[in-house]
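Just the structure for this:
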Amino acid sequence: MSKLRDRMMSRLIPWLGYWVIRGLRATMRIEVVNAGAPGAFWKDGKNLIVAFWHGRQLMMPFAYGGKRISILISRHRDGELIARTVGRFGFHAARGSTTRGGASALKQLVRSARAGDDLAVTPDGPRGPGHVVQLGVLELAKLTGLPILPLAFGASKKKIFRAGTVF
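As a prediction, the model looks like this:
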């Protein structure tokens, strides 16, 4: 029974997450600041690496304005739910992290970049420390030759949960 429940939840949670994120977006007024920076790259047909902090990913599907993106997402069970949720927004997941599957995920991201995808990473890594850039994003930029563009989404009225996620 537990495996059946887990399979049902792994299908239900991303679907619910997708609609909750879309519902939240419908309640917001968004002000875009410095949209010209990534827009110039996309206009010229160039791709880039988007970097945003852990805990700031909830509304990233609406902050990203490019065409195709591959996102580094951990192989942990929570990562599976996140990968399925962002997949509903049309984003591709490269699975791995500094603690598990990092080398294969890095190779996958390099292949995606060569195919013309933008890349997205959380440069503070899964184990932190929070808001401190780890070497992985720099290595990715070195391997791909892509520039790193910091991207953020903030809210004037928000709730910050224990795990650091802004809601």
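
Tell me the first helix or strand C-terminal of the longest helix along the chain.
Ordering each helix of the chain by length in residues (DSSP state H) puts helix 2-26 first. Next along the chain after helix 2-26, taking DSSP states H and E as the criterion, comes helix 36-43.

re earlier: could you list every helix and strand in contact with the longest helix of the chain?
helix 60-63, helix 77-88 (3 or more C-beta pairs under 8 Å, 6 or more residues apart in numbering; DSSP states H and E). Any C-beta I mention is one placed from the backbone N, CA and C, and that applies to glycine too.

Going by mean pLDDT, which of those helices comes out lowest?
Sorting the helices and strands packed on helix 2-26 by mean pLDDT places helix 60-63 lowest, at a mean of 88.

buried residues in it?
Buried residues in helix 60-63, counting neighbours by 16 or more other C-beta atoms under 10 Å, are found at M60, P61, A63.

do the same with stretch 85-102
T85, V86, F91, H92, A93, A94, R95, G96, S97, G101, G102.

sorry, back to before: any chance of TSV for the helices and strands packed on helix 2-26, columns distance to A152?
Shown next, in TSV, are the helices and strands packed on helix 2-26 (distance: least, C-beta to C-beta, whole Å):
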stretch	distance to A152
helix 60-63	8
helix 77-88	17
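
How many residues are close by I82?
By other C-beta atoms under 10 Å, the residues close to I82 number 19.

how close does it get to L119?
Distance, I82 to L119, by C-beta to C-beta, to the nearest Å: 16 Å.

ok, of the buried residues of stretch 85-102, which one's closest to L16?
T85 (8.8 Å; C-beta to C-beta).
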